[in-house]
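Student: got a predicted structure plus its sequence, pasted below:
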Amino acid sequence: MTETEEQQLRELGNDLAKANADPSEPRSIVRAFATPPKNHIGLTMQNWIDLEAIRSPLLRLQLPEHLEELELAANVFRMSVRTLTVEAAVFVARTLRRAVAEAFSLALPMRRGNGVASASVSGGDGFGAWLPLFAFLISECGLDPTAARALRVDQAFALLAACRRNQGWQCAGTNYAEREVLTAEAER
């Protein structure tokens with residue numbers, strides 16, 4: 001490792017330490033709960049369920065390959081691409097993919113004090129990914145099913161992480177503040 005690389009690594013370590021000590025809320029959390037800008041497209045729990053019902057590739061952060069797939073996904077968000085130009089339809093597809101990615105970016109793996117990690121967004125236990133989060137919103141947050149379906153997914157993930165933290169769980173990976181530092185570093 002060169003001296004320059006060692007210095008960059010030390011600076012990154014200092015930035016991570018500062019981020020963890022900063023009393024301000026991480027920007028990703030603030031964005032999730034702040035009033036969204038006009039015409040903002042956010043992924044709600046119901047959108048997630050409906051995209052899962054049509055097996056949309058958007059949930060794997062992939063663009064639909066066929067117009068029919070894109071139309072079904074757009075319908076989930078109360079939109080249509082049938083009368084749009086190709087360029088406009090591609091823009092809509094990318095916007096929907098970005099909405100899904102932004103929502104899922106707030107999923108934060110947590111582990112109990114005994115080291116057992118919570119499930120990730122991918123599921124893998126036969127329950128899928130949205131049902132455990134939906135159950136958390138109803139059973140632990142006290143939301144009725146209609147309110148839980150209307151909640152944005154980014155907010156649901158942030159609430160889950162905060163609830164687990166308040167119960168003594170620890171972050172099982174990179175926390176929200178550290179993610180911001182690493183994202184900023186990657187964008188340099």
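Tutor: Now that the structure is in, tell me what you want to look at. Residues are numbered from 1 along each chain as shown.
Student: correct me, but Met45 touches Trp130?
Tutor: Yes: in this structure Met45 lies within contact range of Trp130 using Cβ atoms under 8 Å: 6.7 Å. (Each C-beta comes from the backbone N, C-alpha and C, glycine too.)
Student: which one's more surrounded, the two?
Tutor: The residue with more neighbours, out of Met45 and Trp130, is Met45; 23 against 19, by other Cβ atoms under 10 Å.
Student: could you look up the SS state of Met79?
Tutor: coil (DSSP: H, G, I helix; E, B strand; the rest coil).
Student: mind listing what it touches?
Tutor: For Met79, the contact set (Cβ atoms under 8 Å, 6 or more residues apart in numbering) comprises Val92.
Student: measure it to Ala88 for me?
Tutor: From Met79 across to Ala88, the span is 11 Å (Cβ to Cβ, to the nearest Å).
Student: and what of Trp169?
Tutor: In terms of Cβ to Cβ, Trp169 sits 44 Å off from Ala88.
Student: which one's more surrounded, those two?
Tutor: The residue with more neighbours, out of Trp169 and Ala88, is Trp169; 21 against 11, by other Cβ under 10 Å.
Student: number of residues surrounding the residue nearest to the more buried one when sequence neighbours are not counted?
Tutor: Distances taken as Cβ to Cβ, 6 or more residues apart in numbering place Met110 nearest to Trp169, at 4.4 Å, with adjacent residues excluded. Neighbourhood size, Met110 [other Cβ under 10 Å]: 22.
Student: fine by me, thanks again.
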